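Trainee: show me how the following folds:
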Amino acid sequence: MPVESPCLTDDSASDPARAGAASLAPMALLRRYELLATLAPVAIGQAAADGRCVHVNERWCEMTGFSEADALGEGWAQAVHPDDRAMVLDGWRHAVQARRTLKLEFRFLRPDGRVVWVLGQVAEERDEAGQVIGYVSSATDITERKAAEDTLRLAGQQLEERVAARTAELVRMNQALQAEVEERRNMEAALRDSEARLRTVVDSTPDWIFIKDTQFRFLLANRSIAEVLNHTPEEVIGKDDIELGHPRELVLGDPAKGIRGYRSDDREVMESGQPKVIEAEPALVHGQTRILNTVKVPLRDAQGRVCGLLGYVRDITEIKAAHAERERLITQLQAALAEVHTLSGLLPICGWCKKVRDDSGYWSNVEGYLKRSSGLEITHGICPECSKQVLVELNKDLDPAARVA
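Mentor: The predicted structure follows:
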């Protein structure tokens with residue numbers, strides 16, 4: 001009894017030509033599948049409904065290094081990398097049992113040791129009744145993509161490591177910077193405290209203290225010199241003597257008037273690099289002539305170059321006056337000693353009246369001699385022995401009842 005093809009209709013049965021074409025269709029489709037499987041750039045395999053392999057194309061054999069005979073049945077699993085084999089078999093069994101498609105990435109391990117990464121996909125093959133009659137699988141070579149991914153992942157990992165290392169370095173640098181900033185802040189605070197203490201000391205002295213740069217501008221001036229200049233210490237900074245109102249001839253000098261000018265001293269100190277001491281020099285301060293003692297020393301930078309000078313000025317007017325008074329007293333004392341020099345030798349005294357003979361041969365009482373010779377004022381009193389003798393003499397002239405005991 002002839003079997004009707006599911007693809008035939010009444011029209012095809014009445015048309016012998018169409019019926020012949022329909023009977024040849026399955027064979028044409030099979031040859032077309034075999035041609036596509038041969039030419040396809042991917043590995044293709046066929047499995048029966050129970051999941052056992054029945055066919056693989058040439059590309060599968062080229063990709064895995066196994067023959068088609070090796071792949072039949074469950075032999076294809078030997079081409080899978082041992083580390084991926086359990087995953088692939090479990091996925092395949094579950095797909096067969098659940099009648100669903102499968103898609104996963106895994107590795108083939110060729111007999112020559114080369115690893116091939118593939119994207120494997122499995123789809124069901126159904127008949128006209130919708131029953132699963134087998135499976136068609138494909139494996140696309142993704143080795144280059146995986147290598148690129150590995151390279152990218154390695155590059156990303158290296159980048160992350162570099163970023164982590166750089167971040168750690170930046171953290172260390174930031175911590176070191178913060179420590180340095182804190183240390184500098186502490187040093188600046190200590191410096192401010194030190195400067196404040198130094199300023200207190202500098203401003204507390206009546207002497208003049210100042211610092212000038214190489215252009216003769218004030219970099220520091222204590223309160224004493226600022227008051228002389230009729231300014232505050234802050235107003236003095238950055239200005240030279242002329243800008244502060246000093247007469248030009250006193251600053252720059254006037255040879256015609258015999259004025260040296262104290263800028264010449266500043267220049268000499270900075271050009272020679274040697275200190276200079278001006279023992280005593282008259283100056284007009286607040287309308288009064290004062291005697292000043294001045295010391296100027298060069299200041300040097302970290303490279304040893306002269307960068308300015310330090311000045312220290314003391315008003316020694318009272319000291320000079322005291323020295324003059326001292327000299328005057330010494331002169332007077334020396335004159336007085338010259339007048340009484342005979343007192344240090346033999347002094348002729350009358351044994352009876354106790355008068356003293358001077359260098360001119362005149363006799364005078366002791367009081368007059370000492371007064372003329374030394375300029376001393378003589379006071380009189382009575383010693384205890386003489387007092388007793390005087391009382392004895394007085395009692396002789398009094399009545400017994402009025403005598404002093």
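Trainee: what ranges in the stretch 201-350 of the chain fall below the confidence cut-off?
Mentor: Counting by pLDDT under 70, the low-confidence segments of the stretch 201-350 of the chain come to 336-347.
Trainee: state which helix of the protein is the longest.
Mentor: helix 143-204 (DSSP state H).
Trainee: pull out the buried residues from stretch 352-361.
Mentor: Under the neighbour-count criterion of 16 or more other CB atoms under 10 Å, stretch 352-361 has Val356 buried. Just so you know, the C-beta spots here come from the backbone N, C-alpha and C atoms, and that holds for glycine as well.
Trainee: circling back to that earlier point, and the longest helix of the chain, how far from the chain's centre?
Mentor: Distance of helix 143-204 from its chain centroid, counting by CA atoms, centre = their mean, to the nearest Å, is 10 Å.
Trainee: then stretch 138-146?
Mentor: 56 Å.
Trainee: over to stretch 318-332?
Mentor: Per CA atoms, centre = their mean, the centroid offset for stretch 318-332 relative to its chain is 59 Å.
Trainee: residues making contact with that stretch?
Mentor: Here stretch 318-332 makes contact (CB atoms under 8 Å, 6 or more residues apart in numbering) with 280, 291.
Trainee: for the longest helix of the chain, packing partners?
Mentor: strand 115-126 (3 or more CB pairs under 8 Å, 6 or more residues apart in numbering; DSSP states H and E).
Trainee: quick one: average pLDDT of the strand it packs on?
Mentor: For strand 115-126, the mean pLDDT works out to 91.
Trainee: so whichever helix or strand comes after it versus strand 115-126, what angle?
Mentor: As assigned by DSSP states H and E, the chain's next helix or strand after strand 115-126 is strand 132-141. Angle of strand 132-141 versus strand 115-126, following axes from the mean of the first three to the mean of the last three CA atoms, to 10 degrees, is 160 degrees.
Trainee: return the set of buried residues in stretch 57-72.
Mentor: Buried residues in stretch 57-72 (16+ other CB under 10 Å): 57, 59-61, 63-66, 68, 70-71.
Trainee: hmm, back to that, following element in sequence after the longest helix of the chain, please.
Mentor: strand 208-213.
Trainee: and that following strand, which strands flank it?
Mentor: strand 218-221 (antiparallel), strand 306-315 (antiparallel) (DSSP bridges).
Trainee: would TSV of the ones you listed with mean neighbour count and distance to Phe106 be doable?
Mentor: Below are the strands paired with strand 208-213 laid out as TSV (neighbours: other CB atoms under 10 Å; distance: least, CB to CB, whole Å):
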stretch	mean neighbour count	distance to Phe106
strand 218-221	22	82
strand 306-315	19	79
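Trainee: which non-adjacent residue is nearest Gly120?
Mentor: Once flanking residues are discounted, Gly120 sits nearest to Ala139: 5.0 Å by CB to CB, 6 or more residues apart in numbering.
Trainee: measure the one you found to Ile316 for me?
Mentor: 110 Å (CB to CB, to the nearest Å).
Trainee: and the residue nearest to Gly120, what is it in contact with?
Mentor: Applying CB under 8 Å, 6+ apart, the residues near Ala139 are 42-45, 60, 63, 108, 118-121.
Trainee: ok, it to Ser67 distance?
Mentor: 16 Å.
Trainee: equivalent analysis for Val80, please.
Mentor: 16 Å.
Trainee: helices of this protein, start to end?
Mentor: 10-14, 16-39, 58-64, 68-71, 82-98, 143-204, 223-228, 233-236, 248-252, 262-272, 317-339, 366-374, 384-397.
Trainee: report the buried members of the contacts of Ala139.
Mentor: Buried among the contacts of Ala139 (16+ other CB under 10 Å): 42-45, 60, 63, 108, 118-120.
Trainee: among those, which one lies nearest to Ala95?
Mentor: Nearest to Ala95 out of the buried ones among the contacts of Ala139 is Gly120 (CB to CB; 10.6 Å).
Trainee: tell me what the closest one is bridged to.
Mentor: Leu104, Ala139.
Trainee: which residues does it contact?
Mentor: So Gly120 contacts 88, 102-106, 137-139 (CB under 8 Å, 6+ apart).
Trainee: pick out whichever of those sits closest to Ser364.
Mentor: Nearest member of those to Ser364, counting by CB to CB, is Glu105, at 145.6 Å.
Trainee: tell me who's in contact with the closest residue to the closest one other than its chain neighbours.
Mentor: The shortest distance from Glu105 to any non-neighbouring residue, by CB to CB, 6+ apart, is to Leu119 (5.4 Å). Taking CB under 8 Å, 6+ apart, we find Leu119 in contact with 103-105, 139-140, 142.
Trainee: ok, and the closest non-adjacent residue to Arg145?
Mentor: Trp117 (7.5 Å).
Trainee: verify the stated contact: the one you found with Leu109.
Mentor: No. At 10.9 Å, Trp117 does not count as touching Leu109 under the criterion of CB atoms under 8 Å.
Trainee: re the thing from before, could the buried residues of stretch 57-72 be laid out in TSV, adding pLDDT?
Mentor: Output for these, formatted as TSV (pLDDT from 0 to 100):
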residue	pLDDT
Asn57	91
Arg59	91
Trp60	93
Cys61	94
Met63	92
Thr64	93
Gly65	94
Phe66	95
Glu68	92
Asp70	94
Ala71	92
